[in-house]
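> predicted model, plus sequence, below.
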Amino acid sequence: MSEMETIEISCPECKEKQATQVWRSLNPCLDPGDKALLFAGKINLFRCERCSYEAFIPIDFIYHDTAQQYCVQFYPPHSVENAEFINSFTSDGLPTWVDSLGNLGKQAPHLLWPHLVFDMGELIRYVKFRDRLVAKQSALPEKKAAA
């Protein structure tokens, strides 16, 4: 299931505080309609109810496709300037949180090797790339069994 939470944000333009829903994760297998929201740029988009200001909310977000067995982890671009953030990765570039997955890592091994991105546009392009690989594979004629 996709994971969302409500946080309070002050509009950068008019300073009005409002409750805003943010996405922490999206699983298109469990919530297929949400993928269209991702492609439309509506995931973690703040829109002020008072002045209509819009901006992307830079918050950690993971897209995990359980059917295709891959995940993409978005981190805000400014994260790479933070020493604590850098220390939360192995020298191979893997997040140390994968160690805490335990049995979930055995059930969903794709979570152990997230594709990291620092731009939501790149996350969307990568998901589209993976979708096109699946479409290409399903369009190939089946191999005939050897006689």
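Nice, thanks for sending it over. Residues are numbered from 1 along each chain as shown.
> need the strands for the chain, in chain order.
Assigned by DSSP state E, the strands in the chain fall at 3-10, 17-26, 45-47, 54-56, 61-65, 70-74, 115-117.
> let me see the mean pLDDT of the fourth one.
Spelled out, it's strand 54-56. For strand 54-56, the mean pLDDT works out to 95.
> each with direction, which strands does that strand pair with?
Here strand 54-56 has these sheet partners by DSSP bridges: strand 45-47 (antiparallel).
> count of neighbours near the residue lying closest to residue 26 once chain neighbours are set aside?
Nearest non-adjacent residue to residue 26, counting by CB to CB, 6 or more residues apart in numbering: residue 2, 4.7 Å away. Quick note: C-beta positions are derived from backbone N, CA and C, even for glycine. Applying other CB atoms under 10 Å, we find 18 residues neighbouring residue 2.
> residues near residue 14, how many?
Per other CB under 10 Å, the neighbour tally for residue 14 reads 11.
> can I get the strands of the chain in a markdown table with mean neighbour count and distance to residue 107?
Converted to a markdown table, the strands of the chain look like this (neighbours: other CB atoms under 10 Å; distance: least, CB to CB, whole Å):
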| stretch | mean neighbour count | distance to residue 107 |
| --- | --- | --- |
| strand 3-10 | 12 | 17 |
| strand 17-26 | 15 | 16 |
| strand 45-47 | 15 | 32 |
| strand 54-56 | 13 | 32 |
| strand 61-65 | 22 | 12 |
| strand 70-74 | 20 | 13 |
| strand 115-117 | 16 | 19 |
